[in-house]
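Q: curious how this folds, go ahead:
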Amino acid sequence: ESEGSSVQGEVDADAEWFEDDLMSANAAADDESLKREAAEIVAEQLRIENEIRAL
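A: Prediction:
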């Protein structure tokens, strides 16, 4: 009985660690995609400004 609960505790701890790891990875991925998105927006703004200047 106690061995079973000990194994369950280990599984829960591993699952929690994995979840934290996954959340960190997702946060990093979100951060990267936000940076890419921001760069694309800035590039688009510059393109529009250049088009306006060309008129």
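Q: now do stretch 22-41: distance to the chain's middle.
A: If you compare the mean C-alpha spot of stretch 22-41 with that of the full chain, they lie 5 Å apart, counting by C-alpha atoms, centre = their mean, to the nearest Å.
Q: just the CA trace of it, in PDB.
A: Provided in PDB are the C-alpha atoms of stretch 22-41 (Å, rounded to 0.1, in the frame of the first residue of the first chain):
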ATOM      1  CA  LEU A  22       6.300  22.600 -20.800                       C
ATOM      2  CA  MET A  23       5.000  26.000 -19.600                       C
ATOM      3  CA  SER A  24       8.500  27.400 -19.700                       C
ATOM      4  CA  ALA A  25       9.000  26.100 -23.200                       C
ATOM      5  CA  ASN A  26       5.600  27.500 -24.300                       C
ATOM      6  CA  ALA A  27       6.400  30.900 -22.700                       C
ATOM      7  CA  ALA A  28       9.800  30.900 -24.600                       C
ATOM      8  CA  ALA A  29       8.100  30.000 -27.800                       C
ATOM      9  CA  ASP A  30       5.400  32.700 -27.300                       C
ATOM     10  CA  ASP A  31       8.100  35.200 -26.600                       C
ATOM     11  CA  GLU A  32      10.000  34.300 -29.800                       C
ATOM     12  CA  SER A  33       6.800  34.400 -31.900                       C
ATOM     13  CA  LEU A  34       5.900  37.800 -30.400                       C
ATOM     14  CA  LYS A  35       9.400  39.100 -31.200                       C
ATOM     15  CA  ARG A  36       9.000  37.900 -34.800                       C
ATOM     16  CA  GLU A  37       5.500  39.400 -35.000                       C
ATOM     17  CA  ALA A  38       6.800  42.700 -33.700                       C
ATOM     18  CA  ALA A  39       9.600  42.700 -36.200                       C
ATOM     19  CA  GLU A  40       7.100  42.000 -39.000                       C
ATOM     20  CA  ILE A  41       4.900  44.800 -37.900                       C
END
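Q: what mean pLDDT does that stretch get?
A: For stretch 22-41, the mean per-residue pLDDT is 90.
Q: now for the strand or helix carrying residue 51, which elements pack on it?
A: Taking DSSP states H and E as the definition, residue 51 sits inside helix 2-54. Helix 2-54 is packed against no helix or strand, with contacts defined by 3 or more C-beta pairs under 8 Å, 6 or more residues apart in numbering; DSSP states H and E. No exception for glycine: its C-beta is placed from N, CA and C like everyone else's.
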